[in-house]
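1. With the sequence up front, the predicted model follows.
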Amino acid sequence: MRHIRTAARALIIIDQKVLAIKMCDRTGIFYILPGGGQRHGETLRQGLERECLEEIGTKVDIEELLYVREYIGKNHEFHKSHSAFHQVENVFRCSLPDPNGIGQGTEHDKKQVGVEWIPLEDLPKRRFLPEAIKPFFKDGNFDSRTSYLGDVN
């Protein structure tokens, strides 16, 4: 039996820019929100704190849960490599106690090549995943209008 992975991600917006993890694979550059898989025995918030230290090198202040997104790999563009992957992501609004504290991090994802502040106005031109959330960035803020987005990429 295959398991469903739970994950937590941070949505951080400062000065009309969203903080993103810059990734690179054989298809090119793409961006995702900081965060990742929850470990056994840790809460979503603890997992998100750990993942942010690993990926962006700084602490985050975790605020409200914005939305839940599922990703069932066989249904999306990476279906060949993600055919058995099923993840439920919990995305929290976060802020940075020290906006200048972003650094190397302690442990990057395999495909991570950097961290970047993406101007919200540039999001439509970037390969930012999941694509389904791009329309929710408006007027320097984020409003999904629903808490469950379903299986989207």
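-> Cool, got the structure. Numbers count the residues shown, from 1 in each chain.
2. what about Glu49, which SS state?
-> What DSSP: H, G, I helix; E, B strand; the rest coil gives for Glu49 is helix.
3. so how far is Ile13 from it?
-> Distance of Glu49 to Ile13, computed by C-beta to C-beta, to the nearest Å: 19 Å. Glycine gets a C-beta too; all of them are placed from N, C-alpha and C.
4. quick one: which of the two has more around it?
-> Counted by other C-beta atoms under 10 Å, Glu49 and Ile13 do not tie: Glu49 has more neighbours, with 20 against 17.
5. wait, what's in contact with the more buried one?
-> 59-60, 62 (C-beta atoms under 8 Å, 6 or more residues apart in numbering).
6. one more time with 7 Å
-> 59-60 (C-beta atoms under 7 Å, 6 or more residues apart in numbering).
7. Residue numbering should commence at 26 henceforth.
-> Let's use 26 as the start, then, which means that last one is Glu74.
8. Arg64 versus that one, what's the distance?
-> Here Glu74 is placed at a distance of 12 Å from Arg64 (C-beta to C-beta).
9. Phi and psi next, for the residue nearest the centre of the chain.
-> Closest to where the C-alpha atoms of the chain average out (C-alpha atoms, centre = their mean) is Leu58, at 2.3 Å. The phi/psi pair for Leu58 (degrees, to the nearest 10) reads phi -80, psi 150.
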